[in-house]
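Trainee: Structure, please.
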Amino acid sequence: MEKNKLVGIFDSGIGGLSVLHEIHEMLPFQPLYYVADQAHVPYGKRELTEIRNFAFAITEFLASKGAHLIVVACNTASAAALKALRQKYPKLTFVGM
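Mentor: Residues are numbered from 1 along each chain as shown. Just a heads-up that it's a prediction; the model follows:
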């Protein structure tokens, strides 16, 4: 990770807080920005296109804040959108769960 460049992390709820915690423990000076999509939780029973659209919107938000790396700390969003995220945003780095 590039030192002092923002890392964005998102989940459909608060489960990704454990991922945020572990990243902070390993890299305590790394700027982090966490998004919990409480407006749309849970993702599990939603259509793939809807989940992808949520992921795209959150990615746009995190990128606007300066994120260069985005951790998709949601299993459902990783399965549904990770490939599409990498294709749509080739200048960003994504890590899925």
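
Trainee: Wait, a helix at Arg46?
Mentor: No: for Arg46, which was evaluated using DSSP: H, G, I helix; E, B strand; the rest coil, the result is coil, with no helix membership.

Trainee: Output the below-cut-off pLDDT ranges for this protein.
Mentor: 1-3 (pLDDT under 70).

Trainee: again, only using 90
Mentor: Low-confidence segments of the chain, defined by pLDDT under 90: 1-4, 44, 97.

Trainee: what ranges do the strands span in it?
Mentor: 7-11, 32-36, 69-72, 93-96 (DSSP state E).

Trainee: so how far is Cys74 from Gly44?
Mentor: Distance, Gly44 to Cys74, by Cβ to Cβ, to the nearest Å: 10 Å. Every C-beta, even on glycine, is put in place using the N, C-alpha and C of the backbone.

Trainee: So for these two, which sits in the more crowded spot?
Mentor: Cys74 (31 against 11; other Cβ atoms under 10 Å).

Trainee: Name the nearest residue to that one, sequence neighbours excluded.
Mentor: Spatial nearest neighbour of Cys74, excluding adjacent residues (Cβ to Cβ, 6 or more residues apart in numbering): Asp11 at 4.4 Å.

Trainee: Beta-bridge partners for the one you found, please?
Mentor: Ala36 (DSSP bridges).

Trainee: The residue nearest to Ala80 when sequence neighbours are not counted: how many residues sit nearby?
Mentor: Nearest-residue entry for Ala80: Ile51, 4.1 Å, with adjacent residues in sequence omitted and distances by Cβ to Cβ, 6+ apart. By the criterion of other Cβ under 10 Å, Ile51 has 23 neighbours.

Trainee: what's the answer for Phe10, then?
Mentor: 25.

Trainee: what's the spacing between it and Glu50?
Mentor: 15 Å.

Trainee: Same question for Ala84.
Mentor: Taking Cβ to Cβ, one finds Ala84 at 12 Å from Glu50.
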